[in-house]
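In: Would you be able to build a 3D model of this:
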Amino acid sequence: MSAKGRTTQRLDKVLSNLGYGSRAELKKIVRQGGITVNGASVKDPGMHVDPYQDAIEIEGEKVLYREFIYLMLHKPPGVISATEDARDRTVLDLLDKSYLIYEPFPVGRLDKDTEGLLLLTNDGKLAHELLSPRKHVPKTYEANVAGKVSDEDVTLFSQGVTLDDGYVTLPAELMVLSVEERENGTLSKISLTIHEGKFHQVKRMFEAVGKKVVYLKRVSMGELKLDELLSIGSYRELTPEELAILGK
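Out: Numbering: from 1, shown residues only. From the prediction side, this is the model:
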């Protein structure tokens with residue numbers, strides 16, 4: 001947002017929203033001379049500031065204000081892709097409170113037992129662009145599938161698969177990475193890129209050809225790829241290069 005289009009905000013509101021304390025606590029810090037704006041000691045906690053332009057410090061710490069945050073999470077199995085849930089842990093429960101003040105939400109969802117790339121942000125416009133059915137943003141998964149995934153399956157997926165409710169999926173790119181014979185049967189490791197996001201789509205596509213997904217991991221969404229250095233359950237902010245991929 002340009003400086004021209006912004007409005008100023010109360011200093012105590014800015015700082016309380018960022019988690020620096022209640023307005024009463026901030027008033028006390030002001031009395032003690034602990035807050036400066038552009039190098040000058042603040043006398044009135046209700047003074048109006050431009051948090052994007054003004055240099056704000058509280059007890060010697062520079063205040064970084066930003067409108068949006070963008071986090072890459074390696075979602076673990078067993079965690080819900082939601083902002084709140086009465087029974088299960090959500091992806092927000094994995095975040096430090098310093099990020100929660102921005103009220104992030106997951107862009108799309110991964111099933112509870114699915115791991116992998118999940119973007120968390122408070123940028124609603126970006127989320128809409130990534131999730132819009134008209135955009136057909138590709139999503140790539142790696143999976144272990146019980147049974148032998150054949151060349152015939154690859155062909156069927158490339159033509160679109162009819163799901164249990166009669167819906168015919170868009171063509172998808174299926175690649176067989178390996179087929180292993182194990183004591184409990186055949187296991188195929190595959191990579192699959194789909195261009196839509198129907199409920200339980202990957203699992204239902206394999207069910208449509210008589211096979212069962214036993215492990216599922218999302219590795220990319222559009223051109224954004226999961227950082228393999230991120231351990232399961234960990235997260236980090238997107239790099240400038242990754243933000244550029246998203247047009248930010």
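
In: In a helix, Phe14, correct?
Out: One thing to correct before we go on: residue 14 is Val, not Phe. Yes. Checked against DSSP: H, G, I helix; E, B strand; the rest coil, Val14 lies within a helix.

In: residue ranges with poor pLDDT in this protein?
Out: Counting by pLDDT under 70, the chain contains low-confidence residues at 1-6.

In: tell me the SS of the residue most central in space within it?
Out: In the chain, the C-alpha nearest the mean C-alpha coordinate belongs to Leu119, at 1.5 Å (C-alpha atoms, centre = their mean). Following three-state DSSP, the label given to Leu119 is strand.

In: pretty sure it contacts Glu129?
Out: No. Contact criterion C-beta atoms under 8 Å: Leu119 and Glu129 do not qualify, at 11.6 Å. The way it works is simple: take the backbone N, C-alpha and C, and place the C-beta from them, glycine included.

In: burial measure for the closest residue to Ala208 other than its chain neighbours, as a count.
Out: When the adjacent residues along the chain are set aside, Ala208 lies closest to Val161, with 4.8 Å between them (C-beta to C-beta, 6 or more residues apart in numbering). Applying other C-beta atoms under 10 Å, we find 22 residues neighbouring Val161.

In: and what of Phe206?
Out: 26.

In: again, but for Met72
Out: Met72 has 21 neighbours, counted by other C-beta under 10 Å.

In: what's near enough to touch it?
Out: For Met72, the contact set (C-beta atoms under 8 Å, 6 or more residues apart in numbering) comprises 117-120, 224, 226-227, 230, 235-238, 242.

In: now swap in Ser178 and tell me
Out: 188-189.

In: what about 6 Å?
Out: Each residue near Ser178 by C-beta atoms under 6 Å, 6 or more residues apart in numbering is listed here: Lys189.

In: now swap in Gly147 and tell me
Out: By C-beta under 6 Å, 6+ apart, Gly147 lies in contact with 186, 211.

In: same question, Pro77
Out: 113, 115.

In: So Val63 versus Gly124, what's the distance?
Out: Separation of Val63 from Gly124 (C-beta to C-beta, to the nearest Å) stands at 24 Å.

In: higher neighbour count, those two?
Out: Val63 (18 against 11).

In: Would you check that the more buried one makes contact with Asp54?
Out: No. Contact criterion C-beta atoms under 6 Å: Val63 and Asp54 do not qualify, at 9.2 Å.
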